[in-house]
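Novice: coordinates only, sequence not included:
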């Protein structure tokens, strides 16, 4: 909310490796997944579409909030990785 995205939520991947005590329905995750977390950006995030006047190197669509992503990546714990999910 402090970055102007009050609808953003956090998903924590609290997944560890599959063990002999795991349920048969548990997924198999590598140990690295415990260091990942996801920022779910709200639907109001701006997206820019390619137009007929753009050049050939222009992406068909790009989106993202580079300011919010930069701040979150700077402030997140150094041993973790952030995934940004846009609608």
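Specialist: On my side now, so go ahead. Values in this document were obtained by computation on a predicted structure and should not be read as measured data. Numbers count the residues shown, from 1 in each chain.
Novice: quick one: the strands in the protein, in order.
Specialist: Remark: strands assigned in the chain by DSSP state E are 9-12, 36-40, 47-49, 61-63, 81-85.
Novice: and the ones you listed, which is most packed in?
Specialist: When you average the neighbours per residue for each of the strands of the chain (mean count of other Cβ atoms under 10 Å), strand 36-40 leads with a mean of 17. In short, each C-beta sits where N, CA and C put it, glycine included.
Novice: ok, how many other residues are close to residue 24?
Specialist: A total of 4 residues lie near residue 24 under the criterion other Cβ atoms under 10 Å.
Novice: for residue 81, which non-adjacent residue is closest in space?
Specialist: Taking Cβ to Cβ, 6 or more residues apart in numbering, and ignoring the residues beside it in sequence, residue 81 has residue 36 as its nearest neighbour in space, at 5.0 Å.
Novice: I'd say that neighbour and residue 10 touch.
Specialist: No. If you go by Cβ atoms under 8 Å, residue 36 and residue 10 don't touch, sitting 11.5 Å apart.
Novice: any weak-confidence spans in the protein?
Specialist: 1-3, 14-15, 44-45 (pLDDT under 70).
Novice: same thing but 80
Specialist: When residues are selected by pLDDT under 80, those of the chain lie in 1-5, 13-19, 25-33, 43-49, 61-64, 87.
Novice: and residue 85, how close does it get to residue 75?
Specialist: As defined by Cβ to Cβ, to the nearest Å, residue 85 lies at a distance of 18 Å from residue 75.
Novice: again, but for residue 62
Specialist: Distance of residue 62 to residue 75, computed by Cβ to Cβ: 24 Å.
Novice: so what's residue 30 up against?
Specialist: By Cβ atoms under 8 Å, 6 or more residues apart in numbering, the contact set of residue 30 is residue 17.
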